[in-house]
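In: here's my sequence, what's the structure:
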Amino acid sequence: MKTILVTGASGFLGSHLIKKILERGDKVIAILGRPEDLSNDFPTNNNISVFPCAEINKIDLGHVDTLIHTAFSRGDNLEGLTASIAFSETIIDLVNKQDIDSIINISSQGLYKGLLPGQKVTEDGAISPDTAYGLAKWAVENMLKIGCRKQYTNIRMASLSANARFLKFFVNEVFLQNEIRITAPNQYASIMDVSDAVEGISAVEMLPISERQSVYNLGPETQYSILNYAESANSIGKDYGFAPTKILVDDCGKKSAICMDCSRLKRQTGWRSKISKDMMIHKLFSSVVKND
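Out: Numbering: from 1, shown residues only. Now for the predicted structure:
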């Protein structure tokens, strides 16, 4: 039985990771992400211990096989990103000083330089983040490279569909029967379902530590234009009884694309993305209808 420490445990990704680890019978030390987070949303299980982030340096951890670091501010809020970088420094110091064999840091596809539609970037691709979030994630990767004395792995992950604000917006507008206005139809996005993300992270964590690479890409290996996502929301909405809404395109000329080549992860672990774009949109519609 292994012991896995998960930071950001009450976050969307962290909570799903914990469920996966407990289901396979391993132990979890869960570190809550924010002072206001509660521990009563976790499964009642003798294999899980939950602590607030403020107590992380006071806990007798014992032996930990792998620390999975998911705690990080989303978006470009500078105050939140600054705090996240500082907390990551605390985590690296914890790994160095305690009986922790390895760390898996959840990084982002936002590190990479933008591509042309249809292109994919490998782990050796050019680094050129164009957001504060991407730059902060790159800073943490470099902190690990310079300061971590244990085995470390960065997983550069695609955005999760549940966190993709534009996709939620499209689904909600179809639900409300409002017109959708798109100003950047030639922006391309690559997003994935949380279940695929959890399976990919778990596949890396299950590898012998000596076989883990320092960087893996984790994403669906597909990309679609913003306009295509909106059209798909319109089409799938019909399955839930919603008439297609009007899509207005006012192209501002902005173009961008990102899509990762995940051959390294697939070759080493056999992982494959299973949830398609349409399946993700179906899940969002099901959630909206259920909560109406």
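In: where does the stretch 151-292 of the chain dip in pLDDT?
Out: Applying pLDDT under 70 to the stretch 151-292 of the chain flags residues 292.
In: how close does the closest residue to Ser273 other than its chain neighbours get to Cys259?
Out: Spatial nearest neighbour of Ser273, chain neighbours left out: Pro220 (4.4 Å); criterion: C-beta to C-beta, 6 or more residues apart in numbering. Using the backbone N, CA and C atoms, a C-beta is placed for each residue, glycine as well. For Pro220, the distance to Cys259 (C-beta to C-beta, to the nearest Å) stands at 8 Å.
In: joint contacts of the two?
Out: Residues touching both Pro220 and Cys259 by C-beta atoms under 8 Å, 6 or more residues apart in numbering: Ser190.
In: quick one: contacts for Tyr240?
Out: Residues in contact with Tyr240 (C-beta under 8 Å, 6+ apart) are 175, 285, 289.
In: distance-wise, check Val249 relative to Asn178.
Out: Counting by C-beta to C-beta, the gap from Val249 to Asn178 is 16 Å.
In: so who does Leu111 touch?
Out: Leu111 touches 127, 129, 134, 137-138, 141, 156, counting by C-beta under 8 Å, 6+ apart.
In: among the residues you listed, find me the one that's closest to Ile103.
Out: Set against Ile103, the nearest of these by C-beta to C-beta is Glu141 (11.6 Å).
In: please, which helix or strand holds the closest one?
Out: Applying DSSP states H and E as the criterion places Glu141 in helix 132-147.
In: now Gly33
Out: Using DSSP H and E, Gly33 sits within no helix or strand.
In: leaving out chain neighbours, which residue sits closest to it?
Out: Gly8 (4.3 Å).
In: check Phe12 too.
Out: Using C-beta to C-beta, 6+ apart and skipping the chain neighbours, the partner closest in space to Phe12 is Ala162 (5.9 Å).
In: give me the number of residues near the one you found?
Out: Look at Ala162: counted by other C-beta atoms under 10 Å, it has 18 neighbours.
In: tell me the contacts of it?
Out: Neighbours of Ala162 in contact, by C-beta under 8 Å, 6+ apart: 12, 193-194, 284.
In: so it lies in a helix, does it not?
Out: Yes: counting by DSSP: H, G, I helix; E, B strand; the rest coil, Ala162 falls inside a helix.
In: hang on, the earlier thing: from the contacts of Tyr240, pick the one nearest Gln213.
Out: Phe285 (37.2 Å).
In: now the closest one: closest residue in space, sequence neighbours ignored.
Out: Take Phe285 and drop its neighbours on the chain: the residue closest to it by C-beta to C-beta, 6+ apart is Tyr240, 5.1 Å away.
In: from Ser49, how far out is the residue nearest to Gly33?
Out: Distance from Gly8 to Ser49, by C-beta to C-beta: 16 Å.
In: repeat for Ala71
Out: Distance from Ala71 to Ser49, by C-beta to C-beta: 17 Å.
In: and Gly118, what element?
Out: Per DSSP H and E, there is no helix or strand for Gly118.
In: wait, what's in contact with it?
Out: Here Gly118 is in contact with 223, 257 (C-beta under 8 Å, 6+ apart).
In: rerun at 10 Å
Out: By C-beta atoms under 10 Å, 6 or more residues apart in numbering, the contact set of Gly118 is 188, 223, 257, 259.
In: repeat for Thr70
Out: 6-9, 11-18, 31, 33, 104-106, 155, 157, 201 are the contacts of Thr70 under C-beta under 10 Å, 6+ apart.
In: narrow those residues to those in strands?
Out: Members of the contacts of Thr70 lying in strands (criterion: DSSP state E): 6-7, 31, 104-106, 155, 157.
In: for Glu221, which non-adjacent residue is spatially closest?
Out: Once flanking residues are discounted, Glu221 sits nearest to Cys262: 5.5 Å by C-beta to C-beta, 6+ apart.
In: what's the local residue count around the closest residue to Tyr188 other than its chain neighbours?
Out: In space, and not counting its chain neighbours, Tyr188 is closest to Ala257: 3.8 Å by C-beta to C-beta, 6+ apart. Per other C-beta under 10 Å, the neighbour tally for Ala257 reads 19.
In: more neighbours, Gly8 and Ser49?
Out: Legend: neighbour count by other C-beta under 10 Å for Gly8 and Ser49, higher for Gly8 (26 against 17).
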